[in-house]
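Undergrad: Sequence and predicted structure below; questions after.
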Amino acid sequence: MDLEKLRKGIDRIDSKIVKSLNQRARLSQKIGRLKAKASKSVYSPDRERIVYEKVSSQNGGPLSNETLQAIYREIMSGSLALEKPLKIAYMGPPASFSNIAALKKFGSSVRYLPVNTITEVFAEVEHGRADYGVVPIENSIEGAINYTLDMFMESDLKICSEISLEISHNLLAKCRMDQIKRIYSNPNVIGQCRMWLEANLPRVELIEVTSTTKAAEMAVKERGAAAIGSGLAAECYGLNILARSIEDSPHNMTRFLVIGKTENKPTGKDKTSIMFSVKDRVGALHDMLVPFKKNRINLTKIESRPSKKKVWEYRFFVDMIGHHEDVRIKKAIKELEGICTNLKILGSYPIA
């Protein structure tokens, strides 16, 4: 079979794909109208999980599941835009890791709203100027993002979904490496590259800024300046990548949360996040953990933060496997309510 015949075969398949995609889009529009009548959110993380699982289960190759999921991410992004123009807030500017995480979750067909701080992400969603927000919650090297944890103390927004993003840091600049006098980046990012920086650029000044994209902006403006950021930041700002993958750990992951005003149905593969307060007394934390052990619930994360209301009073943030509607989790939370204060379910959502 010659090249021309193979290409004609692809053309015929492409015509069928376009027709099928538009048929799917028309069904999505009908679903959008039904959701609007019922005052339901157009974005459904539980349905998203089902679609990805079905696509993966039907995949006979040669395309990988990851490739198919990337294709369907854009298909669903286009469908969401047809159902209702969604606006997603994230800590910007564009090309930040929060932007990359948002694109990974929502695709390129929705509208994005870059803001300056995590606080502003929460505010945009709370005031209805954005439908959802994307915020970082923890990094596999640096640990929890305390700003995000603190915001949940005051906010009534729910966690709707999570995003796991593999982080790769690059040294970006207009100049040569031996001409670099200062390096800009987010403090967490600098921490994740500290050993490389000490080994390769020990005398260079490290300057903290709000985001890796802001760092890229500074590297463009200042002579002898460099930034640590993503490949997308290099592309957007016309910087050269002087060194790739300079992070100290090859397994550098950041977990992001999607925040909004909606709650999810159980999918069978969920995670639940809660927050509660305890007084500073002997055995307090032990007593809090007993209901989870008693009901055989797997806890995946425990973090504590000062409550900022009373001296030596702490808020605990706990992630567990399961949905808050599951019988065992319901029972554990009910028992926990009797021995703690200010318990709040932050949300149940599909595991990334």
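TA: Cool, the structure landed.

Undergrad: P306 against M153, yeah?
TA: No - counting by C-beta atoms under 8 Å, P306 stays clear of M153, with 9.9 Å between them. C-beta coordinates here come from the backbone N, C-alpha and C atoms, glycine included.

Undergrad: Identify the contacts common to the two.
TA: Contact criterion C-beta atoms under 8 Å, 6 or more residues apart in numbering; residues shared by P306 and M153: R315.

Undergrad: who are the neighbours in contact with E162?
TA: For E162, counting by C-beta under 8 Å, 6+ apart, the contacting residues are I137, R255, F256, L257, V258, K271, Y349, P350, I351, A352.

Undergrad: And the residues you listed, which is closest to A70?
TA: Nearest to A70 among the contacts of E162: A352, at 14.8 Å, using C-beta to C-beta.

Undergrad: Quick check: the gap between the closest one and A101.
TA: The spacing between A352 and A101, counted by C-beta to C-beta, to the nearest Å, is 10 Å.

Undergrad: Could you check which of these two has the larger neighbour count?
TA: Neighbour count, other C-beta atoms under 10 Å: between A352 and A101, A101 has more, with 24 against 16.

Undergrad: Now do the helix or strand harbouring M320: everything it contacts.
TA: Using DSSP states H and E, M320 sits within strand 314-321. By C-beta under 8 Å, 6+ apart, the surrounding residues in contact with strand 314-321 are 144, 149, 152-153, 270-278, 280, 285, 288, 292, 297-307, 329, 342, 346, 351.

Undergrad: Might you calculate how far that strand sits from the centre of the chain?
TA: Using C-alpha atoms, centre = their mean, to the nearest Å, the distance from the centre of strand 314-321 to the centre of the chain it belongs to is 18 Å.

Undergrad: Same question for stretch 182-193.
TA: 20 Å.

Undergrad: got the buried residues for stretch 115-132?
TA: 115, 118-126, 130-132 (16 or more other C-beta atoms under 10 Å).

Undergrad: among the residues you listed, which are in helices?
TA: Those of the buried residues of stretch 115-132 mapping onto helices are I118, T119, E120, V121, F122, A123, E124, V125, E126, per DSSP state H.

Undergrad: Would you agree the fourth one is in contact with I137?
TA: No - V121 is not in contact with I137 according to C-beta under 8 Å; the separation is 11.9 Å.

Undergrad: so how many other residues sit close to P291?
TA: By other C-beta under 10 Å, neighbour count at P291 equals 21.

Undergrad: thought it was touching C340?
TA: No - look at P291 against C340 with C-beta under 8 Å: they stay out of range, at 9.8 Å.

Undergrad: ok, the nearest residue to P85 once chain neighbours are set aside to S211 distance?
TA: Spatial nearest neighbour of P85, chain neighbours left out: R111 (6.1 Å); criterion: C-beta to C-beta, 6 or more residues apart in numbering. The gap separating R111 from S211 is 20 Å, by C-beta to C-beta.

Undergrad: Equivalent analysis for Y112, please.
TA: Taking C-beta to C-beta, one finds Y112 at 14 Å from S211.

Undergrad: Please say which of these two ends up with more neighbours.
TA: S211 (25 against 18).

Undergrad: From the opening residue of stretch 279-286 to its closing one, how far?
TA: Start-to-end span of stretch 279-286 (C-alpha to C-alpha, to the nearest Å) is 12 Å.

Undergrad: List the buried residues in stretch 217-230.
TA: E217, M218, A219, E222, A225, A226, A227, I228, G229, S230.

Undergrad: again with stretch 324-340
TA: Result for stretch 324-340 [16+ other C-beta under 10 Å]: buried residues H324, D326, I329, A332, I333, E335, L336, C340.

Undergrad: Name the residues that touch that stretch?
TA: 266, 272, 274, 276-278, 287-288, 290-292, 294-297, 320, 322-323, 343, 345, 348.

Undergrad: how distant is the helix or strand of the chain with the lowest mean pLDDT from the center of its chain?
TA: Using mean pLDDT, DSSP states H and E, strand 143-144 stands out as the lowest-scoring helix or strand of the chain, at a mean of 82. Distance of strand 143-144 from its chain centroid, counting by C-alpha atoms, centre = their mean, is 14 Å.

Undergrad: Report the mean confidence score over the helix or strand just after it.
TA: As assigned by DSSP H and E, the chain's next helix or strand after strand 143-144 is helix 146-154. Helix 146-154 comes out with an average pLDDT of 90.

Undergrad: Would you mind putting the buried residues of stretch 324-340 into JSON lines with pLDDT, distance to K5 and secondary structure alongside?
TA: Compiled in JSON lines, the buried residues of stretch 324-340 are given as follows (pLDDT from 0 to 100; distance: C-beta to C-beta, whole Å; DSSP: H, G, I helix; E, B strand; the rest coil):
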{"residue": "H324", "pLDDT": "95", "distance to K5": "57", "secondary structure": "coil"}
{"residue": "D326", "pLDDT": "95", "distance to K5": "55", "secondary structure": "coil"}
{"residue": "I329", "pLDDT": "95", "distance to K5": "58", "secondary structure": "helix"}
{"residue": "A332", "pLDDT": "95", "distance to K5": "63", "secondary structure": "helix"}
{"residue": "I333", "pLDDT": "94", "distance to K5": "63", "secondary structure": "helix"}
{"residue": "E335", "pLDDT": "92", "distance to K5": "69", "secondary structure": "helix"}
{"residue": "L336", "pLDDT": "91", "distance to K5": "67", "secondary structure": "helix"}
{"residue": "C340", "pLDDT": "85", "distance to K5": "70", "secondary structure": "coil"}
